[in-house]
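Participant: Structure of the sequence below:
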Amino acid sequence: MSATSHSVGVDVAEPKLEEETEEDKLLTGGMVPVRHACWHCKSELIWNNDYSFEEVGFEGNGLLTHLSCSGCGAFYEIHKLEEVKH
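Facilitator: From the prediction side, this is the model:
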């Protein structure tokens, strides 16, 4: 009896970052934007909107972010609870 081993490689290419414009620097506060890849197709995710928990009727302090995939159209909703500092 013989065993065969297979390795699966995942090709994750570094996204090509575009040059940041003056408008981008104003919108991001000078921070470098991070490009995230879709869980399903690895295409770039597009930011749609941010909402405070209060705006959407959630309890606590936090942020709700909506992202969509530029490739397959998947929709992401991310909830980030913010710690209350005393």
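Participant: moving C-terminal of the lowest-mean-pLDDT helix or strand in the chain, what's the next helix or strand?
Facilitator: Least confident element among the helices and strands of the chain, by mean pLDDT, DSSP states H and E: helix 22-28 (a mean of 62). Tracing the chain past helix 22-28, the next element assigned as helix or strand by DSSP states H and E is strand 45-52.
Participant: partners of that following strand, with directions?
Facilitator: Strand 45-52 has the following sheet partners, assigned by DSSP bridges: strand 62-69 (antiparallel).
Participant: Between strand 62-69 and the helix or strand following the strand it pairs with, find me the angle.
Facilitator: Toward the C-terminal end, the helix or strand that comes next after strand 62-69 (DSSP H and E) is strand 75-81. In terms of direction (axes from the mean of the first three to the mean of the last three C-alpha atoms, to 10 degrees), strand 75-81 departs from strand 62-69 by 160 degrees.
Participant: Mind listing the strands strand 75-81 pairs with, and their directions?
Facilitator: Strand 75-81 has these strand partners (DSSP bridges): strand 62-69 (antiparallel).
Participant: Give me the contacts around the strand it pairs with.
Facilitator: Residues outside strand 62-69 that contact it (C-beta atoms under 8 Å, 6 or more residues apart in numbering): 36, 38, 40-41, 43-53, 55-56, 58, 74-82. Using the backbone N, CA and C atoms, a C-beta is placed for each residue, glycine as well.
Participant: out of those, which are buried?
Facilitator: Neighbour counting with 16 or more other C-beta atoms under 10 Å marks 38, 45, 53, 76 as buried within the contacts of strand 62-69.
Participant: Let me see the mean pLDDT of stretch 53-71.
Facilitator: Mean per-residue pLDDT for stretch 53-71: 92.
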